[in-house]
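> Fold the following, please.
(one chain, ligands or ions: 2)
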Amino acid sequence: MVVLPILNFEAKIVETVEQNPVVVIIGETGSGKSTQLSQILHRKGYTRSGIIAVTQPRRVAAVSVARRVAHELGVRLGEEVGYAIRFEDRTSEKTRIKYLTDGCLLRESLSNPELKQYSVIILDEAHERSLNTDILLGLMKRLVKMRSSNFKVLITSATLDSGKVSSFFSNCPILTVPGKLFPVEILYSSERPTSYLESSLKAALDIHTREPKGDVLIFMTGQDDIDKMVSKLEEKVQKLEEGSCMDAVILPLHGSLPPEMQVRVFSKAPPNCRRFIVATNIAETSLTVDGVVYVIDSGYVKQRQYNPSTGMYSLDVVQISRVQADQRAGRAGRTCPGKCYRLYPSSVYHDEFLDVTIPEIQRSSLTGSVLYLKSLDLPDIDILKFDFLDPPSRESLEDALKQLYLIDAIDDYGLITHVGQTMAELPLDPSLSRTLIEANELGCLSQALTVTAMLSAETTLLPSRRGIEKKRKFSDSNFPDGSGLGDHIQLLQIYEKWDQTNYDTKWCTDNNLQVRGMMFTKDVRKQLCQIMQKIAKGSLDVESNRKSKEGGQDYKKLRKALCIGYGNQLAERLIHHNGYRTLGHKSQLVQVHPSSVLETDEDGRLPNYVVYHELIATSRAFMRNVCAVEMSWVMPILKKLEKTDINKLSGGSGASEEQRDNEGVEVDFLKNDGGVIKVPDDHDSKIQAARDRFLARKSKK
Ligand code: CDP
Ligand code: MG
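Ligands and ions are numbered 1, 2, ... in the order given. Take a look at the predicted model:
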């Protein structure tokens, strides 16, 4: 094995760590930070006084690096070296080196604020600037002061504004591990391609037919494109004349790949065979694949962005930053001189790309993070003044406070409630946590656990996104349809049907559901059940999911629990129209996603109120995963919405300033039947309108 660059610095690293509570380590990707640092400190004896934790922003990286380190140390994974990711804990009493996602470490700190079991915490891949790592940075700063004597923090990164991090930690030392990177020739395209997929394909074939041996790493933006690319490339390669070039193996690499497929990229290519690794930006820095000599960089990445004023998510393909482009190119020069094919002109690189990627904290919903910080309930933590490396916008902090208020996690004064405290302990989005708590009260916990588990596994349930649409719309009449009440109910029914077959795997394949995903759901359900049992005092009747004794055909209790849980994600149907407008944010015009099983009534109308799991902006704004709810459950939430005072929530003076969300936005209304629908935009008239309709309906009865 070649000696990894970081090992040449072992003595220096040990010395610096001995003398300082916090050390920043900068090293080229592939220099051995993730796999070696923990082992270096283990050798030095740091595992005698506690466990060494290494955080990873990505689940795949946590698993794959732990597996590698276990292998290097010659131990069984889960014993001396283990990992923990959400819903999967592979550690034991014996574990001394633990890889875990940054989210997992945050949750551990709830029951154990000083993280006493750890002697060292390594925040790895800090350059990714994941939301959770950013919060951990702030937390570590406090912890280092509290546990000064026997606690070390290392922050590692491939590229990072090391000065900024160092000054954040009172000018802690920065160690730079020079990577021996071979020169990489950069080849630019003369213009932006019309189809980056076709251009990547062409570049890949050109390399294969013309260039000497060496693996090719191709960056794609998502799983769908990766699948397309893999099959197109396979087809093209097969058509090449026999003996005209070497053999080829084409391997996909992305986060939702089954583990046995992920492992394949780390095994060596057979002789006289070129490997093509078609990857998401997971291969940019999180995972190092050896043998790469050629890189094809489209210049794009898929990024999830959240708009705090509308509550809308969009999954946009955006241009990468210059730092990312350099990282991608660097992957070609690890073992010998390489080449990077940039499918864009150099002017784009210089003039259009941002210097650095925008940290996730500035483009995510902060609801979960703010709940977490509130639940720490530490007198010295004021959310709006929390020590962030890069603070999020005030608007997104306020948005989070408002969302939490609507689902009862914080009270009128922004203080965490008992419900909120319980919510924080669940490894779920705040809305789903809230749903479980409400379901427990209403006596439909078993059903709610099933729905929550199904949603947590949704991405692995179905072969692909397109599969969802197909399945939900065109499958046979025996397949659960949610009784027309919506997608959550359908997910419940699917699971219950499977349960009735005694978890038959054939039933899954017959119904186009991934066995792996369904098994995962079952496991997640069991884990959530155990957590609920621990949290909720009194006895729970959660195991009895076999008999749907929790409400009849209308699933009323469950839908009510969902309504309370998604109290911040509520939409009202527009009069004479099947479009909706959202109520918890600035009013947005939205549609039910075409894949939904929600049905209209005999008059062809969709329900007056729905809650939704997610708002996504694609060509239009859609609600994904919706559930029909009833007026009487909605009213208390509307009342709350009316009296939301963001000033009070954020601990301000309470002087009632004009509420932010009353600032009307002009919504471009859908034109339908030639008519234009006008929606009142201020809260008073919203509430009044809702009340009027309620009263009108009541008097009809
Ligand atoms: O973290 P950093 O990018 O500095 O490097 P690393 O992940 O520690 O990788 C060091 C070496 O271990 C590389 O040569 C990887 O190819 C190898 N490795 C591996 O073979 N299998 C893994 N699951 C992880 C790393
Ligand atoms: Mg690494």
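> Over to the nearest residue to Arg192 once chain neighbours are set aside. Which of the three states is it?
Distance criterion CB to CB, 6 or more residues apart in numbering; nearest residue to Arg192, sequence neighbours excluded, is Tyr344 at 5.5 Å. Just so you know, the C-beta spots here come from the backbone N, C-alpha and C atoms, and that holds for glycine as well. Recorded secondary structure, Tyr344: coil (DSSP: H, G, I helix; E, B strand; the rest coil).
> Confirm that Ser365 sits in a helix.
No - with three-state DSSP as the criterion, Ser365 is assigned coil and is not in a helix.
> Contacts only, for the closest residue in space to it that isn't next to it in sequence.
Leaving aside its sequence neighbours, Ser365 sits nearest to Tyr306 (CB to CB, 6+ apart; 4.6 Å). Neighbouring residues of Tyr306 by CB atoms under 8 Å, 6 or more residues apart in numbering: Met312, Tyr313, Arg363, Ser364, Ser365, Ser396.
> Closest one of those residues to Leu123?
For the contacts of Tyr306, the minimum distance to Leu123 (CB to CB) is 18.1 Å, reached by Ser364.
> Who does the residue nearest to Ser365 form a beta bridge with?
Going by DSSP bridges, Tyr306 is paired in beta bridges with Tyr313.
> Could I get the pLDDT score of it?
For Tyr306, the pLDDT comes out at 92.
> Kindly report the same for the one 10 residues further on.
Confidence per residue is given as pLDDT, and for Asp316 that number is 88.
> Now the helix or strand that contains it: buried residues?
Assigned by DSSP states H and E, Asp316 belongs to strand 312-319. Within strand 312-319, the residues that count as buried by 16 or more other CB atoms under 10 Å are Met312, Tyr313, Ser314, Val318, Gln319.
> wait, which of the residues you listed is closest to Thr55?
Out of these, the member with the shortest distance to Thr55 (by CB to CB) is Tyr313, at 24.7 Å.
> Need the phi and psi values for Ala439.
Backbone torsions for Ala439, taken as degrees, to the nearest 10, come to phi -60, psi -40.
> Can you tell me how far it is from Ala536?
10 Å (CB to CB, to the nearest Å).
> These two: which is more packed in?
Ranked by neighbour count (other CB atoms under 10 Å), Ala439 and Ala536 place Ala439 first, with 27 against 16.
> Not counting sequence-adjacent ones, nearest residue to that one?
Using CB to CB, 6+ apart, the nearest residue to Ala439 is Ala448, at 3.4 Å.
> Surely the one you found and Ala561 touch.
Yes - the pair Ala448 / Ala561 is scored as a contact, 5.5 Å apart, by CB atoms under 8 Å.
> Next, show the common contact partners of the two.
Taking CB under 8 Å, 6+ apart as the contact rule, Ala448 and Ala561 both touch Thr435, Leu436, Glu438, Ala439.
> and the two most separated of those residues?
Between any two of the shared contacts of Ala448 and Ala561 (CB to CB), the greatest distance is 7.4 Å, for Leu436 and Glu438.
> Can you work out which residues contact both of the two?
Both Leu436 and Glu438 are contacted by Ala448, Ala561, Gly565, under the criterion CB under 8 Å, 6+ apart.
> Quick check: of those, which has the highest neighbour count?
Among these, Gly565 has the most neighbours (other CB under 10 Å), with 30 neighbours.
> tell me the contacts of the residue nearest to that residue when sequence neighbours are not counted?
In space, and not counting its chain neighbours, Gly565 is closest to Thr435: 2.9 Å by CB to CB, 6+ apart. Contacts for Thr435 (CB under 8 Å, 6+ apart) come out as Ala448, Val451, Thr452, Ala561, Leu562, Ile564, Gly565, Tyr566.
> mind checking the backbone torsions on Ile410?
Torsion angles at Ile410 (phi, psi; degrees, to the nearest 10) stand at phi -130, psi 160.
> beta partners for it?
For Ile410, the beta-bridge partners are Ile416 (DSSP bridges).
> what's near enough to touch it?
By CB under 8 Å, 6+ apart, the neighbours of Ile410 are Lys374, Leu401, Leu404, Ile416, Thr417, Gly420, Leu649.
> Could you export these to JSON lines, including columns for pLDDT?
Below are the contacts of Ile410 laid out as JSON lines (pLDDT from 0 to 100):
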{"residue": "Lys374", "pLDDT": "89"}
{"residue": "Leu401", "pLDDT": "93"}
{"residue": "Leu404", "pLDDT": "96"}
{"residue": "Ile416", "pLDDT": "92"}
{"residue": "Thr417", "pLDDT": "95"}
{"residue": "Gly420", "pLDDT": "96"}
{"residue": "Leu649", "pLDDT": "82"}
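> mind listing the strands in the stretch 551-700 of the chain by residue range?
Taking DSSP state E, counting those that start in this stretch as the test, the strands found in the stretch 551-700 of the chain are 570-573, 580-582, 589-592, 609-617, 621-629, 671-672, 675-676.
> same deal with the stretch 251-400 of the chain?
273-279, 292-297, 300-307, 312-319, 338-342.
> okay, these, which one's buried deepest?
Greatest average neighbour count among these goes to strand 292-297 (a mean of 25), per mean count of other CB atoms under 10 Å.
> Perfect, I'm done here.
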